[in-house]
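J.: What follows is a predicted protein model with its sequence.
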Amino acid sequence: MSRIGRKPIVIPAGVEVKVDGQDVTVKGPKGTLHSAVHPLITVKVEGGEIQVTRANDGKTARSVHGLSRTIVSNMVEGVTNGFTKTLEVQGVGYRVQKQGKDMVMTLGYSHPVVMSDNEDITIECPDQNKIIIHGIDKQKVGQFAAEVREKRPPEPYKGKGIRYAGEFVPHKEGKAGKGAK
């Protein structure tokens with residue numbers, strides 16, 4: 001039995017969970033999330049808890065059991081607290097600023113790079129070297145953060161670029177100068 005899959009998910013106050021066959025809907029103070037679980041997985045709401053069980057002990061059912069439980073758990077977490085990713089911008093002349101719903105990034109290109117908020121994601125720029133991404137869907141927050149980082153990933157020689165907060169970027173030694181043996 002999956003150690004993660006068999007743990008019950010506690011439903012906090014103010015959160016409503018509906019299960020309609022394979023569709024799970026979680027509604028909370030921050031919004032509503034929908035997800036479809038695998039056909040071999042059964043989701044039941046009993047009292048103040050959500051139980052995720054599998055139909056049999058086949059390889060496929062075992063492999064998606066813990067995953068399904070984690071997805072439902074992240075939905076409950078998202079509608080109560082939400083998810084956040086923090087990015088740092090490092091490099092001389094690299095900066096970020098918010099203009100209305102747009103985030104304008106100056107990243108050493110000949111043009112500014114513009115990315116916009118959408119209905120699922122909100123962007124915050126508390127200073128010119130920090131980006132904070134908020135949302136209720138963990139997958140969408142992570143995907144948007146990866147797309148922002150992709151605009152100028154950290155390079156290993158000088159460390160310039162956009163990186164996740166706390167990310168370690170290993171530095172490489174540069175090319176040896178003239179006359180070095």
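T.: Structure's in. What do you need? Please read all numbers here as calculations on a predicted model, not as lab measurements.
J.: thought M75 was touching V26?
T.: Yes. With contacts counted by Cβ atoms under 8 Å, M75 reaches V26, the gap being 4.3 Å. C-beta here means a position set from N, CA and C on the backbone, and glycine is covered the same way.
J.: list residues touching both of the two?
T.: L33 (Cβ atoms under 8 Å, 6 or more residues apart in numbering).
J.: quick one, strands of the chain?
T.: 9-10, 16-20, 23-28, 31-36, 41-46, 49-54, 83-90, 95-99, 102-106, 113-116, 121-124, 130-135, 161-164 (DSSP state E).
J.: Include mean pLDDT and mean neighbour count when you put those strands into JSON lines, please.
T.: JSON lines is the format used below for those (pLDDT from 0 to 100; neighbours: other Cβ atoms under 10 Å):
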{"stretch": "strand 9-10", "mean pLDDT": "94", "mean neighbour count": "17"}
{"stretch": "strand 16-20", "mean pLDDT": "94", "mean neighbour count": "14"}
{"stretch": "strand 23-28", "mean pLDDT": "96", "mean neighbour count": "19"}
{"stretch": "strand 31-36", "mean pLDDT": "95", "mean neighbour count": "15"}
{"stretch": "strand 41-46", "mean pLDDT": "94", "mean neighbour count": "15"}
{"stretch": "strand 49-54", "mean pLDDT": "94", "mean neighbour count": "19"}
{"stretch": "strand 83-90", "mean pLDDT": "96", "mean neighbour count": "18"}
{"stretch": "strand 95-99", "mean pLDDT": "95", "mean neighbour count": "15"}
{"stretch": "strand 102-106", "mean pLDDT": "95", "mean neighbour count": "18"}
{"stretch": "strand 113-116", "mean pLDDT": "94", "mean neighbour count": "13"}
{"stretch": "strand 121-124", "mean pLDDT": "94", "mean neighbour count": "17"}
{"stretch": "strand 130-135", "mean pLDDT": "96", "mean neighbour count": "20"}
{"stretch": "strand 161-164", "mean pLDDT": "96", "mean neighbour count": "19"}
